[in-house]
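J.: Dropping a prediction and its sequence here:
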Amino acid sequence: MLERLNEEKVFKDPVHRYIHVRYRLIWDLIGTKEFQRLRRVRQLGTTYLTFHGAEHSRFSHSLGVYEIVRRINEIFSQYEGWDEENELLSMCAALLHDVGHGPFSHSFEKVFNLDHEDFTRMVILGDTEINEVLRRVSDDFPLQVADVIAKTHNNKLVVSLISSQIDADRMDYLLRDAYFTGVSYGQFDIERILRVMRPGDDQIVIKQSGMHAVEDYIMSRYQMYWQIYFHPVTRSAEVILSKILHRAKQLFEQGYHFQHDPIHFYSLFKEDIRLEDFLKLDDSVVMFYFQIWQEENDQILSDLCERFMNRRLFKYIEFNPMQQMNAWRELYESFHEAGIDPDYYLVVDSSSDLPYDFYRPGEEEERLPIHLLKPGGDLRELSRESDVVEAISGKKRTDHKLYFPADFILEGNTDATRRIKSLLQID
Amino acid sequence: MLEDHAKVIAVLKEAGEVIGRKKLQKIIYICKKLQFPFNEKYQFHFYGPYSEELTLRVEELCNLGLVTEVKESKGGYYQYKYTVTEEGNEFLGHYDFQLPELRQCINEINSQSSRFLELVSTILFFDRLTKEEVIEKVRTIKRKQNYSDDEIDQAYAFMKKLGC
């Protein structure tokens, strides 16, 4: 069923040492233009402005997820019922799971009302090189791969390799993001986790003896969220990025004449984006526009772009919406009075604005938890066995911050700016 | 500021109380499919459409004291009950939401079981497929829930009543 390459190909990889490719199908998928585009999309969006090493791409992450799934397949091939069909399906889904991601996808999706999962589906099912390669297996193979990625395939075990509370996607990005940001707390023993994984009915289960390795993995998720993914400086860059996109869209809707036609953004502004337009977008294209928009006549757009390009980010303070509701209203009015548009320069950012999968024990059938396989064959939910996991999953830490351009406020010497300084307690 | 939080409070206020995390997830999803302006992003999970964003938002509302979450033991499992606090009502007073049609929908949806709402939201998730394809999908990916023909018919009738 699967054509093997004459000799195995390998990619050198800093996280897994080597990515092994034995099948023609995988090799050809990697060579498609839609997959190669992922080289030009950073995995962590704006995080490079906080952790300068975070320049790695969705290309390397996708290869990493594929490699983990390939290794899981080596282990699962010993078990009855795990066949070549599952192997092929899971490896293709692992490789292609992020193929619909665009540049800075979190902000783009919010501002332009997009969903990368829709684009992933379009890339796999549409008139693309990836679709052509997948159809070599069978006419319905692209649909099967798309369904696994969308978590709507009937083989839930295969789905769980790519997407569950302990899956190849998270295992790769935690290790890779820790490596490239340079932090030490994202580490866990992936070799051990792979060795204690077993195929369950509907999902992967973990042998009880591997519980401590999984505890490390859960701890890694927790720490990476607060230290890297939700870093307040990265969030500041993300806030500015979102505001740039909002401003550009608003100007377009008002008939503003851009000095250079933002042709790559037209379909985004109209919220009618076709696959071919989407595939032309990458980090470099977006950065090109941000570069030239620094010279636009619109002061808000040029200022926000200048801030993003030169890392002149917004400052922040902790914000309690309950205690500071009145202060917020006064601030909003004072910003107006000071000539600083609060719709672009005064932003409350909450932890729910960047949702991240904390481990959830799945009470009330919210979602499937991680199950430990006891020696007698019984299954137990992880947090019921592990005090460490119970402590983390019971802790509901949330966060709200208020972002603003301190430089504008400190430069001002009017009643309004003095009031703002007092309300924000900056001087 | 925090308009999306306020919308969740508005739903809970209209409902009076919502019993069950799964039910709350499905209520917001169905309202979203009815074109009410909710921005929470949903993905398909083992128990149907689920939004991590909504889960976090509800946690934030609880931490801010705007919503109460009561954990009740039901023998072998726990159930969570959500209601709006006095502070939550006060907070909502800062926003000018006019959602009259939403009130009736929420009460209709909230009166159904979580199991039924899982079926309805799953059918809505596959609204790009034909009815036959949707039923086939429900039969395969929801095999364990073992939905009967009657339940599927009732789900379609319910969706029609809501205007889906």
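T.: Looks like it came in fine. What you are looking at is a predicted structure, and each value in this text was computed from that prediction instead of being measured.

J.: I figured residue B:6 hits residue B:91, correct?
T.: Yes. Taking C-beta atoms under 8 Å as the definition, residue B:6 is a contact partner of residue B:91 at 6.9 Å. To be clear about C-beta, it is placed using only N, CA and C from the backbone, and glycine gets the same treatment.

J.: number of nearby residues for residue A:27?
T.: In terms of burial, residue A:27 registers 15 neighbours under the definition other C-beta atoms under 10 Å in any protein chain shown.

J.: ok, now which ones touch it?
T.: Contacts were defined as C-beta atoms under 8 Å, 6 or more residues apart in numbering or on different chains; by that measure residue A:27 touches A:5, A:9, A:21.

J.: Same question for the first one, what's its three-state structure.
T.: Yep, that's residue A:5 we're talking about. Assigned by DSSP: H, G, I helix; E, B strand; the rest coil, the conformation of residue A:5 is strand.

J.: Let me see the contact set for whatever residue of the stretch 201-350 of chain A ends up closest to chain B.
T.: Here the residue of the stretch 201-350 of chain A nearest chain B is residue A:348; by C-beta to the nearest C-beta that distance is 4.8 Å. Listed by C-beta under 8 Å, 6+ apart, the contact set of residue A:348 reads A:319, A:321, A:328, A:400, A:401, A:402, A:403, B:1, B:2.

J.: Look up how far residue A:360 lies from the fourth one.
T.: Okay, so that is residue A:400. According to C-beta to C-beta, to the nearest Å, residue A:400 and residue A:360 sit 21 Å apart.

J.: Same question for the first one.
T.: Computed with C-beta to C-beta, the distance linking residue A:319 and residue A:360 is 26 Å.

J.: The third one too?
T.: Distance of residue A:328 to residue A:360, computed by C-beta to C-beta: 31 Å.

J.: burial count for residue 56?
T.: Because you didn't say which chain, this covers chain A. Around residue A:56 sit 22 other residues, with neighbours defined as other C-beta under 10 Å.

J.: Chain B, not that one
T.: Using other C-beta under 10 Å as the criterion, the residues surrounding residue B:56 number 22.

J.: Next one, pLDDT for it please.
T.: At residue B:56 the predicted local distance difference test score is 89.

J.: And for residue A:268?
T.: Taken from the predicted model, the pLDDT recorded for residue A:268 is 95.

J.: Can you get me a residue count around it?
T.: Should you count by other C-beta under 10 Å, residue A:268 turns out to have 23 residues around it.

J.: from what I can see, it looks like it's in a strand, true?
T.: No. If the criterion is three-state DSSP, then residue A:268 is helix and not within a strand.

J.: Quick check: residue B:54 touching residue B:32?
T.: No. Counting by C-beta under 8 Å, residue B:54 does not reach residue B:32; the two are 9.8 Å apart.

J.: Need the overlap of contacts for those two.
T.: Taking C-beta under 8 Å, 6+ apart as the contact definition, residue B:54 and residue B:32 share the neighbouring residues residue B:40.

J.: how about low-confidence regions in the stretch 301-427 of chain A?
T.: Using pLDDT under 70 as the threshold, the predicted model of the stretch 301-427 of chain A has low-confidence ranges A:355-357, A:362-366, A:394-396.

J.: Give me the neighbour count for the nearest residue to residue A:382 once chain neighbours are set aside.
T.: Computed as C-beta to C-beta, 6 or more residues apart in numbering or on different chains, the closest residue to residue A:382 that is not its neighbour in sequence is residue A:370, at 4.2 Å. Using other C-beta under 10 Å, the number of residues around residue A:370 comes to 26.

J.: State the distance from residue A:333 to residue A:406.
T.: 19 Å.

J.: wait, doesn't residue B:120 sit right on residue B:30?
T.: Yes. Residue B:120 lies in contact with residue B:30 (C-beta under 8 Å); the separation is 6.3 Å.

J.: which residues touch residue B:152?
T.: Each residue near residue B:152 by C-beta under 8 Å, 6+ apart is listed here: B:119, B:123, B:135, B:138.

J.: Can you give the distance from stretch B:1-19 to the centre of its chain?
T.: Taking C-alpha atoms, centre = their mean, to the nearest Å, one finds stretch B:1-19 lying 11 Å from the centre of the chain it belongs to.

J.: Show me what counts as buried in that stretch.
T.: In terms of neighbour count (16 or more other C-beta atoms under 10 Å in any protein chain shown), stretch B:1-19 has its buried residues at B:1-2, B:4-15, B:18-19.

J.: Ok, stretch B:122-133 next?
T.: Across stretch B:122-133, burial judged by 16+ other C-beta under 10 Å covers B:122, B:123, B:124, B:125, B:126.

J.: quick one: contacts of it?
T.: With C-beta under 8 Å, 6+ apart as the criterion, stretch B:122-133 contacts A:152, B:29-30, B:33, B:42, B:44, B:48-49, B:134, B:137-138, B:141-142, B:152, B:155-156, B:159, B:164.

J.: same check, this time on stretch A:106-124
T.: For stretch A:106-124, the external contacting residues (C-beta under 8 Å, 6+ apart) are A:34, A:45, A:96-102, A:105, A:130-131, A:134, A:142, A:145-146, A:149-150, A:238, A:241-242, A:245-246, A:249, A:268-269, A:271, A:273, A:275, A:278-279, A:354, B:39, B:41, B:43.

J.: Strands - which of these land there?
T.: Judged by DSSP state E, the subset of the contacts of stretch A:106-124 located in strands is residue B:43.

J.: near chain A at all, the helix or strand bottoming out on mean pLDDT in chain B?
T.: Counting by mean pLDDT, DSSP states H and E, the weakest-scoring helix or strand in chain B turns out to be helix B:100-110, with a mean of 85. No. Figure legend: helix B:100-110 not in contact with chain A (C-beta under 8 Å from any C-beta of the partner chain); closest approach 15.4 Å.

J.: Report all helices and strands that that helix contacts.
T.: helix B:3-15, helix B:21-33, helix B:149-162 (3 or more C-beta pairs under 8 Å, 6 or more residues apart in numbering or on different chains; DSSP states H and E).

J.: Is the closest residue to chain B within the stretch 151-300 of chain A part of a helix or strand, or is it coil?
T.: Distance from chain B to each residue of the stretch 151-300 of chain A (C-beta to the nearest C-beta) is smallest for residue A:154, at 4.1 Å. Following three-state DSSP, the label given to residue A:154 is coil.

J.: Repeat that for residue A:401.
T.: Using three-state DSSP, the three-state assignment for residue A:401 comes out as strand.
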